[in-house]
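# sharing a model that was predicted from the sequence below.
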Amino acid sequence: MRIAPFQLERWFAEVEADADVMLAESGVRPLSADRFDTDPGELGYVIPTAGRPAFRAKVGELHGRDAAETLFTCGTQEANLLALLSLADSHVVVVTPTYGSFTGLANSLCDVTRVPLVEPGWELDPDAVESALRPDTDLAVVVNPNNPTGRHHDEETMRSVYERCADNGTYLLCDEVYRLLSADPIAPVSSFGRHGISTGGVSKSFGLAGLRFGWLCGPSAVVATAENWKDYTTISPPTFGHHVAEQAFDRHEELLAENREHVAENRAVVEAFLDTHDLAWSNPDCGVNAFVEVPAGFASGESFSRSLVTEESVVVAPGEAFGRPEWFRIGFGLPREKLDEGLSRTGAFLARHR
């Protein structure tokens, strides 16, 4: 199996470690470990390796599934990998722009058809997804809320996409890692019916990226196949991650309300900054990501991003990583003082280049 470099992660590997401000961070600022009991006891495998049944039942219930239809993973990234390894055989439809692992993984496994969101509002068109389906389409993939634009597709739209996939015998995989940042989250795709699969984790909405804890919820046959693949990857979820994530779920209403407030305040700060500098953006309505137009005078998202990190030590994500070179991605979930510093330096950079 040959796979293309993951452009976004290669960019971060090149510039993130030496930069002062990570203005491309795609999650909510990390919570402090002292808010949780961090002693899981013995550091053995989580048993059973799919995750402890009582906790799987809690997560499954929030996704319209039971414990047997829920698999714990090392982050949402592994959940998505396992879903694709389990299902992608002939043809996959991927809605774009999207997180790069979906196009990269799918391209390494089978034929891929990309369905672009409709600009300027970045809407998902169910008719376009249906037109892309083939008799041999194994899987369609949507990230909702979308990364990189921060746009949230409503439940009516998602159900319409699901019905068209189900009628074709195609599974619909939805990466819902930002879903719980909505004040009124829509129903997860896994609850729509036998062809629905949801992946998620605690990295983004909960601000617990370091736990490397995620899940896959879906039909029992798909979960069983994914569990078989997991025997060849990480075997079990991390003991620390499982232990702390269970506490976070027990307090999810408190933690998510806190994070939603933080994100809303930061979003308002970014919107005011962009208005001041007359820059258009994707007008995100859920999550912590946004596309921002590349300012005049720069050839592409990469040229802008590279100049910004060189001159101001601020990292943003070039749109080329998402197949959209006329944009760059920012994240606004970071701590407020870091956000202010990053925007201040970006403002100084823009002033010099206009």
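Nice, thanks for sending it over. Numbers count the residues shown, from 1 in each chain.
# please count neighbours and contacts with C-alpha atoms only from this point.
Will do.
# all helices of the chain, in order?
7-15, 53-61, 75-87, 100-109, 126-132, 155-167, 220-230, 239-250, 252-276, 301-312, 336-352 (DSSP state H).
# quick one: contacts for Ala79?
For Ala79, the contact set (CA atoms under 8 Å, 6 or more residues apart in numbering) comprises 72-73, 199-200, 214-216.
# give me the low-pLDDT residue ranges for the stretch 201-350 of the chain?
For the stretch 201-350 of the chain, no stretch is flagged by pLDDT under 70.
# any idea which of the helices of the chain gets closest to Met1?
When these are compared by CA to CA, helix 100-109 sits nearest Met1, at 6.6 Å.
# tilt between that closest one and helix 75-87?
Taking axes from the mean of the first three to the mean of the last three CA atoms, to 10 degrees, one finds that helix 100-109 is oriented at 20 degrees with respect to helix 75-87.
# which ones are touching the spatially closest residue to Thr157 that is not a sequence neighbour?
With CA to CA, 6 or more residues apart in numbering as the criterion, Thr157 has its nearest non-adjacent residue at 6.9 Å, and that residue is Pro126. Contact analysis of Pro126 by CA under 8 Å, 6+ apart lists 157-158, 160-161, 164.
# domains of the chain?
As assigned by automatic domain parsing, the chain contains the domains 7-26+253-352, 39-250.
# any chance of the contacts of Pro126 in a markdown table with distance to Gly51 and neighbour count as columns?
Formatted as a markdown table, the contacts of Pro126 follow (distance: CA to CA, whole Å; neighbours: other CA atoms under 10 Å):
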| residue | distance to Gly51 | neighbour count |
| --- | --- | --- |
| Thr157 | 32 | 13 |
| Met158 | 29 | 22 |
| Ser160 | 32 | 16 |
| Val161 | 31 | 21 |
| Arg164 | 32 | 18 |
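# list just the nearest of these to Trp281.
Using CA to CA, those come closest to Trp281 at Thr157, 22.5 Å.
# quick check: the closest one touching Ala128?
No: between Thr157 and Ala128 there is no contact under CA atoms under 8 Å: 12.0 Å.
# average model confidence for stretch 139-155?
For stretch 139-155, the mean pLDDT works out to 98.
# can you count the residues close to Asn259?
Neighbour count for Asn259, taken as other CA atoms under 10 Å: 21.
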